[in-house]
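> sequence unknown, structure follows:
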């Protein structure tokens, strides 16, 4: 069933639908015990906001942070492998290793390429996540 088909149903009908599906529905108790041993009723818990408010400016912050960390990690790993490869190649040829090759020609282009790929992927994922959370919060407000 789609969301449009379930939209106008009562909670009893939804429970009956979910009881026939693969997911088992466990009824919630009316009283909860919190870690501080205080008893909180379901009505009181309903007044607490269940999700944080969404802000569009969180998207670039998360995207840039993950992109920077991913590019840095890729730079470190590719630099390690490039240094090992440069040292092995220099030993085989009997010359001194030129580490500029490892930095300039291998590690930096690999990190830039990975950074671009991470940036595009994270932008797509975060925009999709923002739209999904926005739709879910709108559905939650309707109930």
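Cool, the structure landed. Note that this is a predicted model, so its numbers are computed, not measured.

> only C-alpha atoms for contact and neighbour calcs from this point on.
Noted.

> for residue 60, give me its contacts.
Neighbour list for residue 60: residue 123 [criterion: C-alpha atoms under 8 Å, 6 or more residues apart in numbering].

> where do the strands of the chain begin and end?
With strands called from DSSP state E, the chain shows them at 31-33, 39-41.

> comparing those strands, which yields the minimum mean pLDDT?
Note on these: lowest mean pLDDT is at strand 31-33, with a mean of 53.

> residues making contact with stretch 106-115?
Stretch 106-115 is contacted from outside by 67-68, 70-72, 74-76, 78-79, 82, using C-alpha under 8 Å, 6+ apart.

> for PyMOL, write a command that selects the buried ones of the residues you listed.
Command for PyMOL that selects the buried part of the contacts of stretch 106-115, burial taken from 16 or more other C-alpha atoms under 10 Å:
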select buried, resi 67+68+70+71+72+74+75+78+79+82
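
> any idea how many residues pack against residue 57?
8 (other C-alpha atoms under 10 Å).

> for it, what are phi and psi?
Dihedral pair for residue 57: phi -80, psi 0, per degrees, to the nearest 10.
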